[in-house]
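A.B. asks: Could you work out the structure for the sequence below:
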Amino acid sequence: MNYFKELKVWQKAIDLVTETYSKSQAFPKEEIYGLTSQIRRSAVSIPSNIAEGCGRKSNKDFSNFLGIALGSAFEFETQLIICKNLGFINVRDFLKLESEVFHIQNMLIRLQSTL
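C.D. replies: Presented below is the predicted three-dimensional model:
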């Protein structure tokens, strides 16, 4: 099961992390230990849990880690909305990241349903 780098959902999640770090660099400096840290950690958690699940020995364990990754994706979505509402991110960037996380959520749900 150690094939996580081949999974499209993992690849898309890595892209989301990269983009999140890029966009969050412009967040207010006083948020470095607040929302900036939170949104980055939830983004990183998505591909990390996919990879960890791939390293487990059973489909049940893998499914569990996909569920954790999905939870992190919903956490990310929530934090993204807060960032938009506070004006930390513009609408165009928000819509792009929102679309990406929706796609990742759907991919995780579909992958989990195959196990």
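A.B. asks: give the contact list for residue 108.
C.D. replies: Residue 108 is in contact with 9, 50, 66, 69, 70, 73, counting by Cβ atoms under 8 Å, 6 or more residues apart in numbering. Where C-beta positions appear, they are placed from N, C-alpha and C, glycine not excepted.
A.B. asks: hmm, 10 Å instead?
C.D. replies: 9, 12-13, 46, 49-50, 66-73 (Cβ atoms under 10 Å, 6 or more residues apart in numbering).
A.B. asks: just residue 109 next, same as before
C.D. replies: Residue 109 neighbours (Cβ under 10 Å, 6+ apart): 66, 67, 70, 73.
A.B. asks: which parts of stretch 28-46 are buried?
C.D. replies: Buried residues in stretch 28-46, defined by neighbour count with 16 or more other Cβ atoms under 10 Å: 31, 35, 36, 38, 39, 40, 42, 43, 44, 45, 46.
A.B. asks: what about residue 36, distance to residue 50?
C.D. replies: 23 Å (Cβ to Cβ, to the nearest Å).
A.B. asks: Ignore what I typed, I meant residue 71.
C.D. replies: Applying Cβ to Cβ to residue 71 and residue 50 gives a distance of 12 Å.
A.B. asks: Between the two, which is the more surrounded one?
C.D. replies: residue 50 (27 against 15; other Cβ atoms under 10 Å).
A.B. asks: can I assume residue 48 is in contact with residue 65?
C.D. replies: Yes - if you go by Cβ atoms under 10 Å, residue 48 and residue 65 touch, sitting 9.2 Å apart.
A.B. asks: So residue 19 sits against residue 96, correct?
C.D. replies: Yes - using Cβ under 10 Å, residue 19 is in contact with residue 96, at 7.8 Å.
A.B. asks: Please report phi then psi for residue 89.
C.D. replies: With angles defined as degrees, to the nearest 10, residue 89 sits at phi -140, psi 140.
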